[in-house]
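Student: Quick one, what's the 3D model for this:
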Amino acid sequence: MERDVDCCIEPDESPPLPHAQFDGGATAAALSCSLTLDRVGEVLLFLNSDGLSWKSLEPLENDDSTCLGITFTSKVATEIKFSDVYSVELISHGLIHVPKVSNARRCLSGHHESEVQVYRFTVHGFQQSKTLPSLRVLAKYTFGHNDLQTCQMWVDQINASLALEQGRPKNLLVFVHPKSGKGNGCKIWDSVAPIFTHAKVKTKVIVTQRSGHAYDMMASIGNKELASYDGVIAIGGDGFFNEILNGFLSSRHKAPYPPTPSGFLPSDTCHDSFCVHDPNETVIGTSSQNIEQSPLLPSPIHDGSGDPVINEDPEFPFPNEHFRFGIIPAGSTDAIVMCTTGARDPITSTFHIVLGKRVSLDVAQVVRWKTTSTSKVEPFVRYAASFAGYGFYGDVITESEKYRWMGPKRYDYAGTRVFLKHRSYEAEVAYIEVKPEGKSIPERGSLSGRKRPFWSPNKSDQAICRVNCKVCSSTTPCSYPGETKWSISKGKFLSIGAAVISNRNERAPDGLVADAHLSDGFMHLILIKDCSHALYLWHLTQLAKKGGNPFDFKFVEHHKTTAFTFTSSGNESVWNLDGELFQAHQLSAQVFRGLVCLFASGPEI
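Tutor: Numbers count the residues shown, from 1 in each chain. Below is the predicted model of the structure:
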């Protein structure tokens, strides 16, 4: 959606401004000029320190006028901030349309306007949707003047103001998934590419030819070349972003493996390069230990020679605020875009990218230790930015692969088939329970028959993540000082989920975890024990309901944690990592707070 607002500077009403008013010696507030705004009348244009504004000088009844009992209210904007402008350009000599009558009179007599030939320049920007706060739409304002030099001076001055805006990208690497979602990745890129062109952002575009193409490109590109870009853009879904993210981190992010409880791996395979145990371990109950150091503050690991392994590439320190990732949605779910921009909309995502928005994002490191029950211990690292799921979630992604020809509808079809099978899996999950400082941990046991986690906020205490989130911007360590310990949950599970972010999407308006944050350093572990078809359907219904209570069931456990481990008791074990299949009989995971930055600012709720 694009809105055009045209105007014409009238030289007979206001002579061209002198050169001195447009150069560095003049203050922005001193610049003003009378002009005629399309379908409004004569206005006075101001160049302010933070943007352009204008007010009507024409005494036409176009602000509020009535026709046949209907009130017409002008919806023409009166300002645009430089923070919402992505370019200004001088265009050719041509027509400007000037209205002659008010809204009410146009209702009776039809639309009447005149046309004048003038020199023109156009200001390209965005404006907030009037219906959805997070949504952005295009706005284009075209001004004209009989004097070309005057137009050029306005363009130069606006460009000078735009140059003061910080953090805007100049050079981007773009990956397009042509078959993502409904197979319209290329079409979506073509629709937003002109915005990047107008914003003078150089783009190197790569249309992927096969699965893993983007991963291979990101993993093999040299750091010197990668440093020449301000970021990487993915035109696709969550799975495609996961592929790009893993290609980027695989060869650049060096960190210890996640911490594990005692006995997680066989003693004959456990050595310094494999196991990361907590230094002061004490057994509490079935399996628990005190944590002296947060796994989110990795200590040096060794390669066997006694020399510490460098934890990060000096050319790409983590987190890296300069190098950012962007996602223009073209997938089936697009949960990451929904959580970071608030809208599943290509224009809104482009707004965040070209204007250089920035938000930090937690990333979970997932280490597969064994692929099957009989496999050797061979650690293999993957990363997830939104979700890792087992059981129902793994079965759905496995089943949906058979029906790719159906497009996004395959997930509903596969989900129904998997639900009807109602399979549960024997497994053991160990996790670090964390309590906030100043809160006591209740004894484990039953409350109204339901097993309670150590700490889980009441719904009234939930702080929803949004723009300028205080939780995400807090410098408080994500592993609070105080008591933490390993706990074990063992039995038959319908599903196991680890949510890094809330994972809001069109099927789950509040997401899997409504109060999960983008960058607080926590994962939310959701354990669904075996139950009846009806109860599980009730749980899924609550997930799909705005304001639902999906955790208010005896068979559901919700734990806020920094790390967990998983061991399957069966032969088959498939996980869903950000929409990608991941076979793992035994794995461990930890979250890194704000590991990467995105071109986003959080949702406006």
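
Student: Stretch 566-579: which residues count as buried?
Tutor: With burial defined by 16 or more other C-beta atoms under 10 Å, the residues of stretch 566-579 counted as buried are 566, 567, 568, 573, 574, 575, 576, 577, 578, 579. The way it works is simple: take the backbone N, C-alpha and C, and place the C-beta from them, glycine included.

Student: Pick the one among those residues closest to residue 422.
Tutor: Using C-beta to C-beta, residue 574 comes nearest to residue 422 of the buried residues of stretch 566-579, at 16.8 Å.

Student: From residue 388, how far out is the closest one?
Tutor: To residue 388, residue 574 is 12 Å away according to C-beta to C-beta, to the nearest Å.

Student: Residue 514 now?
Tutor: 19 Å.

Student: How about residue 251?
Tutor: For residue 251, the distance to residue 388 - C-beta to C-beta - is 22 Å.

Student: quick one: which of those two has more around it?
Tutor: residue 388 (27 against 14; other C-beta atoms under 10 Å).

Student: show me the contacts for that one.
Tutor: If you count contacts by C-beta atoms under 8 Å, 6 or more residues apart in numbering, residue 388 has them with 364, 366, 497, 498, 500, 575, 576, 577, 578, 582, 589.

Student: Dig out what the nearest residue in space to residue 380 that is not next to it in sequence forms beta bridges with.
Tutor: In this structure, residue 380 finds its nearest non-sequential neighbour in residue 368, 4.6 Å apart by C-beta to C-beta, 6 or more residues apart in numbering. Applying DSSP bridges to residue 368 gives these bridge partners: residue 380, residue 587.

Student: show me what contacts residue 522?
Tutor: By C-beta under 8 Å, 6+ apart, the neighbours of residue 522 are 362, 434, 478, 516, 560, 561, 562, 591.

Student: Pick the one among these closest to residue 134.
Tutor: For the contacts of residue 522, the nearest to residue 134 is residue 516 (17.3 Å; C-beta to C-beta).

Student: all helices in the stretch 301-450 of the chain, in order from the N-terminus.
Tutor: 335-341, 346-354, 392-400, 409-421 (DSSP state H, counting those that start in this stretch).

Student: low-confidence ranges in the stretch 501-605 of the chain?
Tutor: Scanning the stretch 501-605 of the chain for pLDDT under 70 picks out the ranges 605.

Student: any idea where the helices of it begin and end?
Tutor: Under DSSP H, counting those that start in this stretch, the stretch 501-605 of the chain gives helices at 533-543.

Student: these two touch, right, residue 591 and residue 525?
Tutor: No: between residue 591 and residue 525 there is no contact under C-beta atoms under 8 Å: 10.8 Å.

Student: confidence score at residue 406?
Tutor: Looking at residue 406, its pLDDT is 79.

Student: Could you report the pLDDT at the spatially most central residue of the chain?
Tutor: Taking C-alpha atoms, centre = their mean as the criterion, residue 340 is the residue nearest the geometric centre of the chain, at 2.9 Å. At residue 340, the model reports a pLDDT of 96.

Student: Can you pull the residues that touch both of residue 574 and residue 388?
Tutor: residue 582.

Student: Roughly how far does residue 187 sit from residue 176?
Tutor: For residue 187 relative to residue 176 (C-beta to C-beta), the value is 10 Å.

Student: ok, those two, which is more surrounded?
Tutor: Neighbour comparison, residue 187 and residue 176: the larger count goes to residue 176, with 23 against 14 (by other C-beta under 10 Å).

Student: Might you report the residue contacts of that one?
Tutor: 185, 186, 189, 205, 206, 207, 208, 235, 236.

Student: what about 7 Å?
Tutor: 185, 186, 189, 205, 207, 208, 235 (C-beta atoms under 7 Å, 6 or more residues apart in numbering).

Student: cool, and residue 46?
Tutor: Here residue 46 is in contact with 31, 32, 52, 53, 54 (criterion: C-beta under 7 Å, 6+ apart).

Student: Then residue 532?
Tutor: Not one residue lies near residue 532 by C-beta under 7 Å, 6+ apart.

Student: how deep is residue 416 tucked in, by neighbour count?
Tutor: 12.

Student: The spatially closest residue to residue 379 that is not a sequence neighbour: how many residues sit nearby?
Tutor: Leaving aside its sequence neighbours, residue 379 sits nearest to residue 367 (C-beta to C-beta, 6+ apart; 5.2 Å). Residues near residue 367, counting by other C-beta under 10 Å, number 20.

Student: how near is residue 367 to residue 551?
Tutor: Counting by C-beta to C-beta - residue 367 and residue 551 are separated by 27 Å.

Student: circling back: now the contacts of residue 522 in JSON lines, with neighbour count and distance to residue 467?
Tutor: What follows is those, written out as JSON lines (neighbours: other C-beta atoms under 10 Å; distance: C-beta to C-beta, whole Å):
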{"residue": "362", "neighbour count": "26", "distance to residue 467": "17"}
{"residue": "434", "neighbour count": "24", "distance to residue 467": "26"}
{"residue": "478", "neighbour count": "21", "distance to residue 467": "20"}
{"residue": "516", "neighbour count": "25", "distance to residue 467": "16"}
{"residue": "560", "neighbour count": "23", "distance to residue 467": "23"}
{"residue": "561", "neighbour count": "23", "distance to residue 467": "26"}
{"residue": "562", "neighbour count": "25", "distance to residue 467": "25"}
{"residue": "591", "neighbour count": "24", "distance to residue 467": "22"}
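
Student: Okay, and which of these map to strands?
Tutor: 362, 434, 560, 561, 591 (DSSP state E).

Student: Identify the farthest-apart pair in the residues you listed.
Tutor: Using C-beta to C-beta, the two most remote members of the ones in strands among the contacts of residue 522 are 362 and 434, lying 14.4 Å apart.
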